[in-house]
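Asker: build me a structure from this.
(one chain, ligands or ions: 1)
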Amino acid sequence: MIDFHGVTKRYGPVQALDGIDLRIEEAEFVALLGPSGCGKSTLLNLLAGFEAPSEGGIGFAGAAIGRPGPDRAVVFQDAALLPWLSVQDNVTFGPRMRGDAPAGYAARTAELLGLVGLQGFEDALPSQLSGGMRQRVGLARALVMQPRALLMDEPFGALDAQTRLAMQQLLLDVWQTLRTTVLFVTHDIDEAILLADRVCVMTARPGRILRDIPIDLPRPRSLALLTQPGFVAYKADIMQALHPGR
Ligand SMILES: Nc1ncnc2c1ncn2[C@@H]1O[C@H](COP(=O)(O)OP(=O)(O)OP(=O)(O)O)[C@@H](O)[C@H]1O
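Answerer: Next up, the predicted model:
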């Protein structure tokens, strides 16, 4: 589904990525973990089509990545909702701009708003919502486009610890239902292990894939996993990879 081959990215003298080879299968959930500035967002932005690699290429569903497209929806740390539009209108903004007939997205919108726990908040404005609720609108807005892949760049990074846990559980539940292919950027080890089928650990800049670790923990998953021995063993392994000798 996703195929990075020999991808290098330079910004002038700054080399962000170095020789990235990464394949992601359809319906796989892959977390990208690494130190600040190692090129995680750059890698995601290349897949989104916001930028082009300096060397190498990226395949998506059998074709080379060109410009951004609705097949790859992006969720950022800031939900960036349109403040004058209701929850419902924010979520349906994409289909409406594309010229879809309401009959084509009405049922899907209602289902997604239910899935992210926003039933009853359809008419609320973003200013009336908590940070977690705004991110849930952002998630529904991305999913309503029925993307083939969901690209998430530290989507819960600005939330308080309790809300973050609640959002992780919500994403686990949503993913269990929809099984969309996900590339999830984070620097939170727990979050990566809890959510992903594979955790790709990157080196410091220029970013390379240091380890590609399959997370063989059963699904459906819940926050209870965070304290289980199997989970803690993965955490120890990843901490060692990120901070050798410490
Ligand atoms: N548009 C740009 N122009 C110049 N340099 C850039 C640009 N985008 C990223 N960089 C540089 O490339 C490197 C990788 O940045 P990137 O944001 O991808 O890292 P990251 O791993 O996502 O970091 P963080 O975890 O702090 O968000 C950094 O040194 C950054 O300063």
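Asker: this protein: helices as residue ranges?
Answerer: Counting by DSSP state H, the chain has helices at residues 40-48, 87-91, 93-98, 102-115, 131-143, 161-178, 189-195, 229-242.
Asker: and those: which comes nearest the ligand?
Answerer: When the helices of the chain are ranked by proximity to the ligand, the top entry is helix 40-48, at 3.2 Å, counting by Cβ to the nearest ligand atom. To be clear about C-beta, it is placed using only N, CA and C from the backbone, and glycine gets the same treatment.
Asker: and the helices of the chain as a markdown table, adding mean pLDDT and mean neighbour count?
Answerer: Formatted as a markdown table, the helices of the chain follow (pLDDT from 0 to 100; neighbours: other Cβ atoms under 10 Å):
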| stretch | mean pLDDT | mean neighbour count |
| --- | --- | --- |
| helix 40-48 | 98 | 23 |
| helix 87-91 | 98 | 23 |
| helix 93-98 | 94 | 14 |
| helix 102-115 | 95 | 15 |
| helix 131-143 | 96 | 23 |
| helix 161-178 | 95 | 16 |
| helix 189-195 | 98 | 23 |
| helix 229-242 | 96 | 15 |
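Asker: out of those helices, nearest to residue 202?
Answerer: Nearest to residue 202 among these is helix 40-48; the distance by Cβ to Cβ comes to 6.5 Å.
Asker: that closest one near the ligand at all?
Answerer: Yes: contact between helix 40-48 and the ligand, assessed by Cβ under 6 Å from any ligand atom, occurs at 40-42.
Asker: show me what that helix is packed up against.
Answerer: strand 2-11, strand 14-24, strand 29-33, strand 55-60, strand 72-75, strand 149-153, strand 181-186 (3 or more Cβ pairs under 8 Å, 6 or more residues apart in numbering; DSSP states H and E).
Asker: now the last one: average pLDDT?
Answerer: In this model, strand 181-186 carries a mean pLDDT of 98.
Asker: try stretch 22-32
Answerer: The predicted model assigns stretch 22-32 a mean pLDDT of 98.
Asker: buried ones in that stretch, by neighbour count?
Answerer: Of the residues in stretch 22-32, those buried under the neighbour-count criterion (16 or more other Cβ atoms under 10 Å) are 22, 24, 28-32.
Asker: in the protein, which residue is closest to the centre?
Answerer: Among the residues of the chain, the smallest C-alpha distance to the mean C-alpha position (Cα atoms, centre = their mean) belongs to residue 152, namely 2.1 Å.
Asker: for that residue, what are its contacts?
Answerer: Contacts of residue 152 were listed using Cβ atoms under 8 Å, 6 or more residues apart in numbering, and they are 74-75, 182-185.
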